[in-house]
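>>> any chance you could fold what I've pasted below:
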Amino acid sequence: MTKTLKSLAGAGFIATLIATAPFAANAQEFTLKMQSSDAAGVPNFELEQEWAERVGVMTGGRVSVEMLPVNSIVEHAETQDAIAAGILDGHITDTSYFTGKDPAFGLIANPVGAWSAPSEMLRFVEYGGGKELMNSLLNPRGLQFIGAVTPGLEAFVSSVPLDGVADLKGLKMRAPEGMVQQVFAAAGASPVNIPQSEVFTSLDKKVIDAADATVFSTNQAMGLHDVAKHPVYPGFHSMPMLEVSINKTKWDSMPADIQAILEMSVRDLAHDMDARLAMKDMEAVAKARSEGGVTIHNWSAEERAKFRQIATSQWEKVAARSEDAQRVYDTLVDYLKSQGMI
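Coordinates of the predicted model:
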């Protein structure tokens, strides 16, 4: 009997080796070195690192993602070329960084005034033609778009009450160069280009009355509401799209189940980023209200629609600059009309 048990044990051991050998060989079929446009330590990057770990779990170890902070391998605006060349495998980055390659990237990345919530932008990407547009832009450049995420709608800092488009007329405000300035100027404001580092001082000294800064919780942490006590929240103007893309050749080499898992994981990351960053904003809003001294303004749907209508005139100017930008404009406007948003 002992000899029989030993034989069976040996046979079982060999069978186990045979059964697990293919898994061991395939344990890390794909390694993805990906660079973020976010710095190490910020909430966005921490969420992206958690996503990378989940991908490993969801694929049973068949995909290993190394998530690197901004500028680790190449500069933030060079990741697209680095992925095509095989220096990087992918990125999670603001698509507008590649506007210099084609204005279509800037228009799809942040059509100022289009979105009032992350869910609106994510629906457009997944079901309204956005994903197809992105791949039509990226595939010829050697990349595959997997999905989009966003840190959310930026709030607006103001030292004077702002309850709608009419209140923007003559408003001295800080706005970054490009489409944001164009749209606010078209709405009647007087935008100027001031570095983020000078926003507090400029508001405090009344050089400007308002500023396009960042999300509510970050504005609060920087003390901007101490000198500008009429923030607009939720914001009404800017919400960047962060694309999750990888090298197309590597994507094409992946089996269908891994591709599906990656797409699902990015949708999960989008939900994660939306929910958890929104919680930070809501905590900051609750704190501001409880402490008093700050009046939070929330624009009506009608006022948001007015601003969006003004913004579309500037989108048209961008659309005229390239065939791809025109395709983005047409698809975006058709979608917004179908949803009753313009």
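>>> and the next helix or strand past the helix or strand hosting M134?
Applying DSSP states H and E as the criterion places M134 in helix 130-138. Per DSSP H and E, helix 130-138 leads on to strand 143-149 as the next helix or strand towards the C-terminus.
>>> okay, domains of the protein per the record?
The chain breaks down by automatic domain parsing into domains covering 26-153+239-280, 157-236+292-324.
>>> I'd like the mean pLDDT over the longest one, please.
Just to be clear, that refers to domain 26-153+239-280. Averaged over domain 26-153+239-280, pLDDT sits at 95.
>>> can you check the shortest one too?
On average, the pLDDT along domain 157-236+292-324 is 94.
>>> ends of that domain, how far apart?
When the termini of domain 157-236+292-324 are compared using CA to CA, to the nearest Å, they are 34 Å apart.
>>> give me the distance from it to the chain's centre.
19 Å (CA atoms, centre = their mean, to the nearest Å).
>>> related to what we said a few turns ago, so which elements touch the helix holding M134?
With contacts defined as 3 or more CB pairs under 8 Å, 6 or more residues apart in numbering; DSSP states H and E, the packing partners of helix 130-138 are helix 103-109, helix 118-127, strand 143-149, strand 242-247, helix 323-338. Every residue, glycine included, has its C-beta placed from N, CA and C.
>>> may I have the second one as CSV, with CA atoms only?
If I follow you right, that is helix 118-127. Listed next in CSV are the C-alpha coordinates belonging to helix 118-127 (Å, rounded to 0.1, in the frame of the first residue of the first chain):
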residue,chain,number,x,y,z
PRO,A,118,-18.3,63.2,-15.9
SER,A,119,-21.1,60.9,-16.8
GLU,A,120,-22.1,63.0,-19.7
MET,A,121,-18.6,62.9,-21.2
LEU,A,122,-18.2,59.2,-20.5
ARG,A,123,-21.5,58.4,-22.2
PHE,A,124,-20.3,60.2,-25.3
VAL,A,125,-17.0,58.3,-25.3
GLU,A,126,-18.6,54.9,-24.8
TYR,A,127,-21.8,55.2,-26.7
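>>> list the helices and strands it packs on?
Using 3+ CB pairs under 8 Å, 6+ apart: helix 118-127 touches helix 130-138, strand 143-149, helix 256-291.
>>> so what's the residue count around K205?
Neighbourhood size, K205 [other CB atoms under 10 Å]: 10.
>>> number of residues surrounding A286?
What A286 shows, counting by other CB under 10 Å, is a neighbour count of 10.
>>> okay, it and A155: tell me how far apart.
According to CB to CB, to the nearest Å, A286 and A155 sit 14 Å apart.
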